[in-house]
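Visitor: Coordinates for the following, if possible.
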Amino acid sequence: MRVAVVGCGTMGKSHIENLAAMPGVELVAICDNNEIEVNKTAEHWQLRAYVSLDEMINMENPDVVSICLPTYLHKEYVLRVAAYGKHIICEKPIAPSIEDAVEMINTCKEEGVRLFVGHVVRFFPNYADIKAKVDAGVIGKVGVIHTKRIGSNPARARAWYKDRSGGVIIDLMIHDIDFLCSVMGEVTSVYALQTQSEQNDYALVTLRFAGGAIANLEAHWGYPGPFTTAVEFAGTEGVIRFNSEDALSLKIVKAASAEDNQPAAVAIPQSPAFHNPYYYELKHFLACIENDTESIVTATDALRALRIALAAAQSAQTGMKIDIH
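Guide: Presented below is the predicted three-dimensional model:
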């Protein structure tokens, strides 16, 4: 399967690295409007570089295009790629607004192409195992859930995160929103608190699920320590806990180079699995295209997560509980 990547920032390079290691995948090209960066990235991975999406698609004829661009560009590029009849993998969140997301989903259906959205937490082995155990009733009926996702502030390196990403709820916490919905089902109400400054964006969100469970979600851009995620499910018959710091069986600390001292655009969470979770995610999406099967995370799921995240952002601004219909 021929795959091309659009965007050579942090996520674009992650997609390139994982696709390049995947059997049965021919990674053909990278496209970015930053000519210097796209040429450097293409040279490193021995790919062809383009600054024009149209030229890349016409010259390379990929089966799939992976879009790793800032959120506010997702709609434009998804619609452009769909018009060529190419399947699409798009990084999360699906779009900045419900209207954009709905248009993207509907257009892809009309063009007969598949749209996959990269809610990668579903593919982390620890989180997948938690879902399997909750689904199997290992801890009984779930009553209370806590999640945490904290790390450095990406706005230090990429200004668009501050003004056009939607903030820590829509860009970061949406990972946990999607995961919890995949385990617990529909959310009926949202209440949120958020504090923002030049250095920090911190949010606490409470979700009530249709089944009665309550979830408290924490997200923080500006945390001075390492990127950390945690989750706890408390049920009538037990508790399941996971903390990414506890899961690291081997820690390596290296002296930083001059390049390492540059602020990272966005932290990429790691997993002790043999492959990076992005590898499993991308492999799954491509297998769904090849075998014409449904994905474990759909574009409709991504729309649901966005709807809840936007409601949480609205609650934080108004101080009011928001009902989800």
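
Visitor: Buried residues, stretch 86-101. List them.
Guide: Applying a neighbour-count criterion of 16 or more other CB atoms under 10 Å, one finds 86-96, 100-101 buried in stretch 86-101. (Glycine included, C-beta is placed from N, CA and C.)

Visitor: So which of those belong to strands?
Guide: Counting by DSSP state E, the part of those found in strands is 87-91.

Visitor: Let's have those in a markdown table, adding distance to Thr10 and pLDDT.
Guide: Below are these laid out as a markdown table (distance: CB to CB, whole Å; pLDDT from 0 to 100):
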| residue | distance to Thr10 | pLDDT |
| --- | --- | --- |
| His87 | 23 | 98 |
| Ile88 | 20 | 98 |
| Ile89 | 16 | 98 |
| Cys90 | 16 | 98 |
| Glu91 | 10 | 97 |
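
Visitor: Roughly how far does Leu53 sit from Leu27?
Guide: 16 Å (CB to CB, to the nearest Å).

Visitor: Out of these two, name the residue with the larger neighbour count.
Guide: Ranked by neighbour count (other CB atoms under 10 Å), Leu53 and Leu27 place Leu27 first, with 23 against 20.

Visitor: Tell me what Ile30 is bridged to.
Guide: For Ile30, the beta-bridge partners under DSSP bridges are Val5, Ala49.

Visitor: any idea how far it lies from Lys321?
Guide: 45 Å.

Visitor: Would you mind telling me which of these two has the busier surroundings?
Guide: More neighbours surround Ile30 than the other of Ile30 and Lys321, with 28 against 13 (other CB under 10 Å).

Visitor: show me where the stretch 151-300 of the chain has helices.
Guide: Secondary structure of the stretch 151-300 of the chain, counting by DSSP state H, counting those that start in this stretch: helices at 160-163, 167-168, 174-184, 277-291, 299-318.

Visitor: What is the shortest one packed up against?
Guide: Where contact means 3 or more CB pairs under 8 Å, 6 or more residues apart in numbering; DSSP states H and E, helix 167-168 is packed against strand 187-196, strand 201-209, strand 214-221.

Visitor: got TSV for these, with mean neighbour count too?
Guide: TSV is the format used below for the helices and strands packed on helix 167-168 (neighbours: other CB atoms under 10 Å):
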stretch	mean neighbour count
strand 187-196	18
strand 201-209	21
strand 214-221	22
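
Visitor: where are the low-confidence patches of this structure?
Guide: 157, 247-275 (pLDDT under 70).

Visitor: Tell me how it divides into domains.
Guide: Structural domains assigned to the chain are 2-118, 121-323, following automatic domain parsing.

Visitor: Tell me the gap between the last one and the middle of its chain.
Guide: What that stands for is domain 121-323. On the basis of CA atoms, centre = their mean, to the nearest Å, domain 121-323 sits 8 Å off its chain's mean C-alpha point.

Visitor: got the end-to-end distance for that domain?
Guide: End-to-end distance for domain 121-323, by CA to CA, to the nearest Å: 25 Å.

Visitor: try the shortest one
Guide: The distance separating the two terminal residues of domain 2-118, taken as CA to CA, comes to 19 Å.

Visitor: how about JSON lines for the ones in strands among the buried residues of stretch 86-101, with distance to Gln196 added?
Guide: As requested, those are exported to JSON lines (distance: CB to CB, whole Å):
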{"residue": "His87", "distance to Gln196": "37"}
{"residue": "Ile88", "distance to Gln196": "32"}
{"residue": "Ile89", "distance to Gln196": "31"}
{"residue": "Cys90", "distance to Gln196": "26"}
{"residue": "Glu91", "distance to Gln196": "23"}
